[in-house]
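S.K.: I need the structure of the sequence given here:
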Amino acid sequence: MVLDSEGREQYRFSGYLPAPDFLAELYMGLGKSAFAHKHWAEAERWFQAIGNEFPETDAAPEALYWAGVCRYKASNDPHVLGHTAQLIAQRYPRTSWAKRSSVWLQKAA
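M.R.: Have a look, this model is predicted:
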């Protein structure tokens, strides 16, 4: 369980995971906590770290999705979402995150 500085639960996962997957989930929790507090740059750093350090984990496509949302929140540029969707479709085409972000593809132009 990842708690924020006020002691509120921001993320939870359970069960045994190999070290890379565990760390990716921990980073996800730290990113989600920063996101909940609207610390877009900090949240994006945690999400990007998952993609950079643990690209083969189950958390990686979701992290890429949330990194794009953080960039959008910080910039209000909808093209960011389209580029994020393209990247997810290229790297993780058969995931639910590719489907979820596919609605953003029109924003890539």
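S.K.: How about the contacts made by the spatially most central residue of the chain?
M.R.: In the chain, the centroid-proximal residue (C-alpha atoms, centre = their mean) is Ala63; its distance is 2.2 Å. By C-beta atoms under 8 Å, 6 or more residues apart in numbering, the residues touching Ala63 are Ala24, Tyr27, Met28, Gly31, Trp46, Phe47, Gln48, Ile50, Gly51. Heads up, the C-betas are built off the backbone N, CA and C, glycines and all.
S.K.: one more time with 6 Å
M.R.: Ala63 makes contact with Phe47, Ile50, Gly51 under the criterion C-beta atoms under 6 Å, 6 or more residues apart in numbering.
S.K.: try Trp97
M.R.: Applying C-beta under 6 Å, 6+ apart, we find Trp97 in contact with Pro61, Glu62, Tyr65, Ile88.
S.K.: what about the strands in this protein?
M.R.: Remark: strands assigned in the chain by DSSP state E are 2-3, 9-11.
S.K.: Let me see the residues that make contact with the last one.
M.R.: When contacts are defined by C-beta under 6 Å, 6+ apart, strand 9-11 is touched by residues Met1, Val2, Leu3, Asp4, Gly29, Lys32, Ser33, Ala36.
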